[in-house]
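Participant: what's the 3D shape of this:
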Amino acid sequence: MIEKYVRWKEAHLVPLLATPAGHYLEDLATVLHEQGFSRWKLRGRVVGAAHFSLWNEEKRRRTLHQLHEDALERFRCHLRACRCSRPFRHSRHGDACAVAGALALIDLLRQKLAINSAPPSPPVEKQPPLVRGFSEWMRRERGLKVTTLSGYIKVIREALDALGNTPSHYTAKALRSFVVRQSMRAGTRHHGKLTTTAMRAFLRYLIAQGLCRPGMDDAVPTIAIWRLAALPRYLAAGDVDRILDSCDERTPVGLRDRAVLLLLARLALRAGDIRDMGVGDLDWKQGAVRVSGKGRVEVSLPLTQEVGDVLLRYLRRARPPAPTDRLFVRMAAPWTPLSASSVSALVGRAMDRAGIASRFRGAHVLRHSAATEMLRQGATLQQIGALLRHQYLDTTAHYAKVDVQRLREIALPWPEVTLR
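Facilitator: Okay, the predicted model is just below:
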């Protein structure tokens, strides 16, 4: 395997195999090949791994079995001033590749039990005891997701800095002043709403633990914000078609992007739905796709012919053999699943290619556009709510505001006023 990636056997391969890591380079090349790395990136990582083992022995007087992640920063410093002979000497743009190869070698040696040292512990964020206890309580009692909880924690840390770490000393005046100050500084009502929600939850936790006087949660003021007051953010049907047509299906990336965009635009999925979707969620016999969204509620949505055909082409021609059951993955090595932010960025790039100038960007605008178009085609609010997986019909009724023609039919005439 390794000989395929090293051009000159005598000049390059022999020095690599003579390093302390030489015995493991063949296995390392195999692992990197399975992860989908290109020829040059794979070669750079293999050379970097060999270089790291040689530098570790000659400069640090350590054996191969003493390799550890704590030496990577010093190895990076060595690369900046490296004067080693070829094939070990890298150009400056190859430093990151060499360090990545060193890390891959450490992981391989640890899997083969050739390293006795434990991996470094993940960095533990130093949270105050009150924040740590609140986080555990909310996850256990309320089942909050990490993304929701992270927004709460930011507000609570700022509250502790402003109010102190002794909840029994909190006063209603101090709480109201903090919430008002934070809301004015943010400049948006939605951030103000997050502040009030997080503070009420935190105070109720403190009351339940006996750390705060009962009733202090009522001291948090209410910010005037009307639910579903704004119009849905959507694009015209023609703009959505232009976004879909901007994907070049002749390339793997274009085929994957079109499959993602069709799921967003036709089935009104969220970015998180795309992120969590697995290959096994596609039921080809029943023509359906299984989706588990907010509240962990699992539903089965119809897989239209248009969407199904593109998904099939993606699976057959574009999806790399990634070691994951997630449906959508990165096309560049390593083949890891797409994140929710990657899905939204994918939509933004498609809008740029299509020349759509809109301040509404991201995956959610396609979800709103799908619901709006269904309403204009005559679908009922119950049908739209079923597709969007809304728990309450009032949420779906938000889209009725964009159907101006129907609103005109039910609008009452303005009463005439006779002046005397």
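
Participant: how many residues are close by residue 390?
Facilitator: Using other C-beta atoms under 10 Å, residue 390 is surrounded by 18 other residues. C-beta here means a position set from N, CA and C on the backbone, and glycine is covered the same way.

Participant: okay, it: pLDDT?
Facilitator: Looking at residue 390, its pLDDT is 72.

Participant: make sure it is indeed in a helix.
Facilitator: No - counting by DSSP: H, G, I helix; E, B strand; the rest coil, residue 390 is located in no helix; its state is coil.

Participant: could you report the distance from it to residue 234?
Facilitator: Using C-beta to C-beta, to the nearest Å, one gets 16 Å for the distance from residue 390 to residue 234.

Participant: output the below-cut-off pLDDT ranges for the stretch 51-200 of the chain.
Facilitator: Across the stretch 51-200 of the chain, the ranges flagged by pLDDT under 70 are 90-93, 121-126, 186-189.

Participant: let's see it at 80
Facilitator: 86, 89-94, 116-127, 143-147, 183-192 (pLDDT under 80).

Participant: where exactly do the helices run in it?
Facilitator: 72-80, 95-111, 129-137, 146-163, 172-186, 189-208 (DSSP state H, counting those that start in this stretch).

Participant: let me know the next secondary structure element after the longest one.
Facilitator: Think helix 189-208. Moving toward the C-terminus from helix 189-208, the next helix or strand (DSSP states H and E) is helix 237-245.

Participant: for that following helix, list the C-alpha coordinates in CSV.
Facilitator: The C-alpha coordinates for helix 237-245 follow below in CSV (Å, rounded to 0.1, in the frame of the first residue of the first chain):
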residue,chain,number,x,y,z
ALA,A,237,-41.1,29.5,-6.1
GLY,A,238,-39.1,30.7,-9.1
ASP,A,239,-36.2,31.6,-6.9
VAL,A,240,-36.3,28.2,-5.2
ASP,A,241,-36.1,26.5,-8.6
ARG,A,242,-33.1,28.6,-9.6
ILE,A,243,-31.4,27.5,-6.4
LEU,A,244,-32.0,23.9,-7.2
ASP,A,245,-30.8,24.3,-10.8
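
Participant: surely residue 115 touches residue 62?
Facilitator: No - Residue 115 is beyond contact range of residue 62, at 11.3 Å (criterion: C-beta atoms under 8 Å).

Participant: okay, these two: which has more neighbours?
Facilitator: Neighbours per residue, other C-beta under 10 Å: of residue 115 and residue 62, the larger number sits with residue 115, 19 against 16.

Participant: contacting residues for the more buried one?
Facilitator: Applying C-beta atoms under 8 Å, 6 or more residues apart in numbering to residue 115 gives the contacts 65, 66, 67, 68, 106, 109.
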